[in-house]
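A.B. asks: Here's my sequence, what's the structure:
(chains A, B, C and D)
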2 protein chains.
Amino acid sequence: MPARQQKQSARGKILDAALMVIRAKGYTATTVDDLCAASEVTKGAFFHHFKSKDDLAIAAADYWSEMTDRLFAAAPYHTCPDPLDRVLGYIDFRKTILTGTVPEFTCLVGTMVQEAYDSHPAIRDACARSIRGHAEKIEADISAAIKAHGVKAGWTARSLALHTQAVLQGAFILAKATGGPRLAAESIDHLRRYIELLFNRPRKKS
Amino acid sequence: MPARQQKQSARGKILDAALMVIRAKGYTATTVDDLCAASEVTKGAFFHHFKSKDDLAIAAADYWSEMTDRLFAAAPYHTCPDPLDRVLGYIDFRKTILTGTVPEFTCLVGTMVQEAYDSHPAIRDACARSIRGHAEKIEADISAAIKAHGVKAGWTARSLALHTQAVLQGAFILAKATGGPRLAAESIDHLRRYIELLFNRPRKKS
DNA sequence: GACAACATACCAACTAGTCGGTATGGACAA
DNA sequence: TTGTCCATACCGACTAGTTGGTATGTTGTC
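C.D. replies: Down below sits the predicted model:
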């Protein structure tokens, strides 16, 4: 796998295009020709790198996980010493990245799993891995926050971490239905308020 | 629109089939032939009643709204005198109907809007109408609960009503990713706990 | 006999995937 | 250095099957 000199490889261009096109049109409505056109790659190149459209979808889900892992790993909230501040910082960060067009801030795997969960088990599993993997990172901070703040919870860190993902995915659906991120941002506000209440942390403004 | 004597009209059969097939496969992956096969109707009948596949999608979204309006209007929680009990009763009711297969308990318009929001504005609007219309019913009870319980809220009834829909839609995505309703139910539990905390209502068990 | 409610045959456009071919560059022997 | 060999990367015309939609009936009812 030799690193190319200056221009991105066809495989990378296809994956980058897939993230945008699939989020905008959905998986089924995205044709191989769409992806080839968006990435300025020929069909021959596409099927050289991916043995089928489904194979591309799985690779795209994995690629999405890598991209988001990097994005969140580099986010500023990790430096907070209090794990609860890291959890709230994560929520705030999710809100700040609601910018640009809808396909730009929504989630690839959340979109794909809706179409693929029944008919494409391999794609569903790749999407589930991505969501669970992301949730596990938040779960770690939630667990630490429970210990640090002595909260006796009738809920688990894992369950709350997955709930944050549910709220975000649902927020994206509201954004898609309404054509903008406003309602999504308000839903994230509710999620932040919930976590503050769970940990008895007072707010600046209600 | 004459009511048929005993057997359902072709139009009704197609709409019923659409609810199930589109929730299982997604809108784009659902072909007109799929719908004809599932409803035991010919293509001629399909295009007699709907001028295009998109037209069917819009009719299906409206039909979905009618069906769910009836379902929730008949639900037992409406008899509660305290509006907060009606809100919590609604949440509990949403949890109890998480039965059967995933396509049976998930939301048609939430599924469709994911695929249609960018490329099919008319379908997106029909889905948005359905979600907003449903949220407005909950908003009424939330408004009454705010007044009845003297809560001074930094959030609006509308915003909380829409948040409940975001949680539910996100819960469905988790259900699709994991193949069952367990995580969806846990997310609904978090939503109930949030509303209890907002209204300072103590729980039986944390 | 007029009209709605179907049924059947059909089509043009599109779709994922194939296949024979070319371009490039690295390994290696002479 | 030079030539052979080979793998990888890529090209684009082609195909078999599918898709939404249409054209032209037939049937039953007021």
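A.B. asks: Stretch A:97-117 vs chain B: in contact?
C.D. replies: Yes - Stretch A:97-117 lies within reach of chain B by CB under 8 Å from any CB of the partner chain, at A:102-103, A:109-111, A:113-115, A:117. To be clear about C-beta, it is placed using only N, CA and C from the backbone, and glycine gets the same treatment.
A.B. asks: which residues does residue A:168 contact?
C.D. replies: The contact partners of residue A:168, taken as CB atoms under 8 Å, 6 or more residues apart in numbering or on different chains, are A:94, A:107, A:188, A:191, B:170.
A.B. asks: And for residue A:49?
C.D. replies: By CB under 8 Å, 6+ apart, the contact set of residue A:49 is A:10-11, A:14.
A.B. asks: who wins for neighbours among the residues you listed?
C.D. replies: Using other CB atoms under 10 Å in any protein chain shown as the neighbour criterion, residue A:14 leads the contacts of residue A:49 with 26 neighbours.
A.B. asks: quick one: buried residues of the host helix or strand of that residue?
C.D. replies: For residue A:14, the element it lies in under DSSP states H and E is helix A:10-25. Residues of helix A:10-25 classed as buried by neighbour count (16 or more other CB atoms under 10 Å in any protein chain shown): A:10-11, A:13-25.
A.B. asks: circling back: name the nearest of the contacts of residue A:168 relative to DNA strand D.
C.D. replies: residue A:107 (25.8 Å; CB to the nearest atom of the strand).
A.B. asks: The closest one: neighbour count?
C.D. replies: Counted with other CB under 10 Å, residue A:107 comes out at 21.
A.B. asks: contacting residues around it?
C.D. replies: With CB under 8 Å, 6+ apart as the criterion, the residues that contact residue A:107 are A:23, A:168-169, A:172.
A.B. asks: Residue A:151 now?
C.D. replies: Contact analysis of residue A:151 by CB under 8 Å, 6+ apart lists A:145, A:198-200.
A.B. asks: Report the entries of the buried residues of helix A:10-25 that also contact chain B.
C.D. replies: For chain B, the contacts drawn from the buried residues of helix A:10-25 by CB under 8 Å from any CB are A:24-25.
A.B. asks: wait, which of the buried residues of helix A:10-25 is closest to residue B:77?
C.D. replies: Nearest to residue B:77 among the buried residues of helix A:10-25, counting by CB to CB, is residue A:23 at 36.9 Å.
A.B. asks: Let me see the ranges of the strands in chain A.
C.D. replies: Secondary structure of chain A, counting by DSSP state E: no strands present.
A.B. asks: For DNA strand D, what is the nearest residue in it?
C.D. replies: Per CB to the nearest atom of the strand, residue A:44 is where chain A lies closest to DNA strand D, at 1.9 Å.
A.B. asks: Burial check on that residue, number of neighbours?
C.D. replies: 9.
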